[in-house]
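Student: got a predicted model here, sequence first, then my questions.
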Amino acid sequence: MITRRKLIGTGLGVTAGLVTAGCNDKAASSAAWSQPGQVAAEEPVPEATVAVTPAAGAKRVSPLDPVVVSVQGGTLKDVSVTSGGRTVAGEAGAEDNSWRSTGRLAYGRTYTVTASVADASGAVTQHKSTFSTVKPAGVASVTFQANALTALRSGGTYGVGQVVMVNFAKSVKNRAEAEKSMVVQTTPAVEGRWRWIDGRNAHWRPAKYWTPGTKVSVRVDLFGQDLGKGVYGGTSASTNFTIGPSRIAIADARSHRMKVYIDGRMVRDIPVSMGKGGTAVGASGQTVSYWTRSGPHVVMTREPSHRMTSSSYGIVDRKDPNYYDEVIKLCLRISYSGEFVHLADWNIGAHGNRNTSHGCINVGPAHARWFYETFRLGDVVDVRNTPRQMAVSDGSAWAVPWDKW
């Protein structure tokens, strides 16, 4: 039996409920009404959105471009970037809603990006996309050279005339672009610049000969660089070398003397015989000159013996007075065309008196031995007073004035 007190209480409760429902518009707009026995519908969980760079399906992507994954409305649980069983390294952002690759991509690969993402409710879904990197027509690796005949030895010591030489495996069309990735650092600092000898060879030198003791480091970071005509840069490369004592020989065709200076002090005055001058006609009709070239040369090779033959430049008839084929000792090459400072004990009478050689600098036994044991790669042999000039194509960067380099 419901008492009067209970009834009145129940009536108040209903009345209060009606007043609350009818007069509080704010509460009415925010409250969800349901019939007795029914549960109010839950609000939908916002969907997490994922953004990936490079975009899905992108082609010819540079391997230098990073892979970036970001999410809004959720949390990144895991990201993998793979190709052919290899995984690209990366790291998550501070708030677990982004990821960025730290490893380098490769040329000509298709990569799959897989991102596991948790939405606001904790439900995890996967997002997948693919992209492909550029496939070069050719890849240009680089090597460092002391000259076109000899590799530069990393950590080696070279003369004050040594030039930084970078050789490319493929021809470079975009040379300015390549130079941006070719860095020379020196201690002490010195100004220098690049010159392209041809499409595959770039040389760097300062305005004047190096200061002894200078340390030189070179780094070439060409990977990913478009070098033109479908050629891209290969893996990075670096080297370093030190400049040794200043060793400069000045060979004068008029005086028939070669004066040798070490660290600015003359230490030896050597009688020599140089190119006899004049010309001959080679087997193919080419003109052969017998002048030693004037201008700064640098030592390219040191050979205890070297076979020298006139056939190398077109004089092949054994009856020709200019024909020769001999093994010569104590040879220091100073040009690509075949000029050497070498022992010529058969020609001692001409040393210091007249020029009789086919273009080399002939030296007597004692001087030849001393010179061979003293001079190293990059040391300078400066030839003077002949009518034929040394060219950069024959191996001398110093033949070009600084204002034209």
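Tutor: All right, it came through fine.

Student: quick check: buried residues in stretch 324-334?
Tutor: Buried residues in stretch 324-334, counted by 16 or more other C-beta atoms under 10 Å: Ile328, Lys329, Leu330, Cys331, Leu332, Arg333, Ile334. All C-beta atoms are positioned from the backbone trio N, CA, C, and that covers glycine.

Student: for the chain, which segments count as helices?
Tutor: 4-23, 25-30, 175-179, 365-374 (DSSP state H).

Student: who are the packing partners of the last one?
Tutor: On a contact count with 3 or more C-beta pairs under 8 Å, 6 or more residues apart in numbering; DSSP states H and E, helix 365-374 meets strand 257-262, strand 265-273, strand 325-333, strand 340-343.

Student: the first one pairs with which strands?
Tutor: For strand 257-262, the pairing partners within the sheet under DSSP bridges are strand 247-252 (antiparallel), strand 265-273 (antiparallel).

Student: deepest of those strands, which one?
Tutor: Ranked by mean neighbour count, those are led by strand 247-252 with a mean of 22 (mean count of other C-beta atoms under 10 Å).

Student: tell me the angle that strand makes with strand 325-333.
Tutor: Interaxial angle, strand 247-252 versus strand 325-333 (axes from the mean of the first three to the mean of the last three C-alpha atoms, to 10 degrees): 120 degrees.

Student: quick one: mean pLDDT for strand 247-252?
Tutor: The pLDDT scores in strand 247-252 average 98.

Student: quick one: it to helix 365-374, angle?
Tutor: If you take the same axes, to 10 degrees, strand 247-252 sits at 140 degrees to helix 365-374.

Student: could you export strand 247-252 as PDB, CA atoms only?
Tutor: This file holds the C-alpha atoms of strand 247-252, laid out as PDB (Å, rounded to 0.1, in the frame of the first residue of the first chain):
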ATOM      1  CA  ARG A 247     111.400  21.000 -53.900                       C
ATOM      2  CA  ILE A 248     111.700  23.100 -57.100                       C
ATOM      3  CA  ALA A 249     114.100  22.500 -59.900                       C
ATOM      4  CA  ILE A 250     114.600  25.300 -62.500                       C
ATOM      5  CA  ALA A 251     116.000  23.900 -65.800                       C
ATOM      6  CA  ASP A 252     117.300  26.600 -68.200                       C
END
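
Student: run through who's touching it.
Tutor: 159-160, 209, 257-262, 270, 272, 274, 292, 341, 361, 371, 374-376, 379-385 (C-beta atoms under 8 Å, 6 or more residues apart in numbering).

Student: run the last query once more with 6 Å
Tutor: Contact partners of strand 247-252, identified using C-beta atoms under 6 Å, 6 or more residues apart in numbering, comprise 159, 258-262, 361, 375, 379-385.

Student: tell me where the model's unsure across this protein.
Tutor: Applying pLDDT under 70 to the chain flags the ranges 1-43, 45.

Student: need the residue closest to the centroid of it.
Tutor: Nearest to the mean C-alpha position of the chain, by C-alpha atoms, centre = their mean, lies Val220 at 1.9 Å.

Student: so that residue versus Arg200, what's the distance?
Tutor: Noted for Val220: a distance of 13 Å to Arg200, by C-beta to C-beta, to the nearest Å.

Student: go on, Thr374?
Tutor: Separation of Thr374 from Arg200 (C-beta to C-beta): 34 Å.

Student: what does Gln389 give?
Tutor: Using C-beta to C-beta, Gln389 is found at 25 Å from Arg200.

Student: repeat for Leu343
Tutor: Look at Leu343 and Arg200: by C-beta to C-beta, they are 35 Å apart.

Student: of the two, who's got more company?
Tutor: Leu343 (22 against 15; other C-beta atoms under 10 Å).

Student: who does the more buried one form a beta bridge with?
Tutor: Val363.

Student: the helices and strands packed on helix 365-374: which one's closest to Leu152?
Tutor: Closest approach to Leu152 among those (C-beta to C-beta): strand 325-333, 16.0 Å.

Student: not counting its own residues, what contacts the closest one?
Tutor: Residues from elsewhere that reach strand 325-333 (C-beta under 6 Å, 6+ apart): 299-303, 305-309, 340-343, 368, 372, 375.

Student: try 8 Å
Tutor: 149, 299-311, 339-344, 368-369, 371-372, 375, 381.

Student: need the buried ones from those selected in ChimeraX.
Tutor: Of the contacts of strand 325-333, the buried ones can be selected in ChimeraX as follows, counting by 16+ other C-beta under 10 Å:
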select :299,300,302,306,308,310,339,340,341,342,343,344,368,371,372,375,381
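
Student: show me this protein divided up by domain.
Tutor: Annotated domains of the chain cover 49-132, 138-243, 247-404 [automatic domain parsing].

Student: and for Gly161, the neighbour number?
Tutor: Gly161: 25 neighbours (other C-beta under 10 Å).

Student: quick one: contacts of stretch 253-261?
Tutor: Counting by C-beta under 8 Å, 6+ apart, the neighbours of stretch 253-261 from elsewhere in the structure are 246-252, 266-275, 292, 294, 341, 351-355, 361, 363, 371, 374, 381, 383-386.

Student: to clarify, my last question referred to stretch 393-402.
Tutor: Stretch 393-402 has contacts (C-beta under 8 Å, 6+ apart) with 147-148, 161, 163, 195, 197, 203, 205, 207-209, 293, 295-298, 300, 334-337, 380, 389-392, 405.

Student: same check, this time on stretch 125-138
Tutor: Residues from elsewhere that reach stretch 125-138 (C-beta under 8 Å, 6+ apart): 48, 50, 52, 54-63, 105-117, 119, 170, 229-232.

Student: now which of the residues you listed would you call buried?
Tutor: Neighbour counting with 16+ other C-beta under 10 Å marks 48, 50, 52, 54, 58, 61, 63, 105, 109, 111, 113, 115, 117, 119, 170, 231-232 as buried within the contacts of stretch 125-138.
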